[in-house]
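# predicted structure and sequence below. I'll ask about it afterward.
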Amino acid sequence: MGVIQFPVGPLIDEDHKAALLEHKADRRRMLRGGAALGVAAAAVAGLSGFVTAQETPAPNPPGDQVGSNPHSASSGHSSPVPAGKPAWKVYDPWLKPVEAGEKNIELTATDVTTYLAKDVAYAGWGFDGTIPGPALRVRQGDKIDFKFKVDAKASTAHSVDFHSAQTPPDKNYKTVMPGQAYSWSFTPNHPGAYLYHCGTPPVLMHIGTGMYGAMIVDPKEGWSPAQELIFIQSDFYLKDA
């Protein structure tokens, strides 16, 4: 039997932990438990599983660097570079419903220039060209076939760490070089609101520049119909400390 560890982040009480691991959760308790772990914020905190791999991983990508490992080679002194003037865009906060079943999810790491407010542009890194990355929604027990790509024009290498996955980081959280791709599969076993983020060192640099997003894992029975919104708390740093 796998052991769930909470190695980083605030301590949580038994009620919050039960809300995350309970077979039949409810929306309010699930999201409150997720917030207690800092899942709604871009922080290196939350649920991390160290159990046997649920699927046989694909061959390691070139370089065989492990993301989410402080001993792996870092991306060095790379930093985001502004690229032109982006179009002003308002994002839709409504969370779309999801049905049970196998999911194919693909994310691409890119250099991103976006607006934080009108006339306030921000150069960062992101998933699928947005900061934060796209909201992902699945059901408990769904098989997730995941493909991660790094845009050929990206300024550095990246990786993806899913807090909803119970998988050895050294097997599946690989750092991928620009122009390369990596695929693997996992099954989220516990409903909850989870963080995903780039785990390539320096991790706080990659997260702080925009490489984070949310994955919502619904209970396998699903929810009753409702209007649902998703918000992700973020910090942006516009000046050097």
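Thanks, I have the structure now. What you see is a predicted model; the values in this text were computed from it and never measured.

# what's the distance between Asn172 and Gln227?
35 Å (Cβ to Cβ, to the nearest Å). Just so you know, the C-beta spots here come from the backbone N, C-alpha and C atoms, and that holds for glycine as well.

# more neighbours: which of the two?
Taking neighbours as other Cβ atoms under 10 Å, Asn172 and Gln227 compare with Asn172 leading, 28 against 6.

# excluding its backbone neighbours, what's nearest the more buried one?
Nearest non-adjacent residue to Asn172, counting by Cβ to Cβ, 6 or more residues apart in numbering: Trp184, 4.6 Å away.

# now the element after the helix or strand hosting that neighbour, going C-ward?
Per DSSP states H and E: Trp184 is located in strand 181-186. Going down the chain from strand 181-186, the next helix or strand is strand 192-197, by DSSP H and E.

# and that following strand, which strands flank it?
Looking at strand 192-197 with DSSP bridges, its partner strands are strand 161-162 (antiparallel), strand 212-218 (antiparallel).

# could I get the last one in PDB with only the CA atoms?
Taking C-alpha atoms only, strand 212-218 is exported to PDB below (Å, rounded to 0.1, in the frame of the first residue of the first chain):
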ATOM      1  CA  TYR A 212       1.900  26.800 -12.500                       C
ATOM      2  CA  GLY A 213      -1.700  25.900 -12.800                       C
ATOM      3  CA  ALA A 214      -4.500  23.900 -11.200                       C
ATOM      4  CA  MET A 215      -5.800  20.400 -11.800                       C
ATOM      5  CA  ILE A 216      -9.300  19.700 -10.300                       C
ATOM      6  CA  VAL A 217      -9.900  16.000  -9.600                       C
ATOM      7  CA  ASP A 218     -13.700  15.400  -9.200                       C
END
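
# residues in contact with that strand?
39-40, 42, 95, 98, 127, 132-140, 162-164, 188, 190-198, 230, 232, 234 (Cβ atoms under 8 Å, 6 or more residues apart in numbering).

# buried residues in the strand ranked longest in the chain?
What stands out as the longest strand in the chain, according to DSSP state E, is strand 103-117. For strand 103-117, the neighbour count (16 or more other Cβ atoms under 10 Å) marks Lys103, Ile105, Leu107, Thr108, Ala109, Thr110, Asp111, Val112, Thr113, Thr114 as buried.
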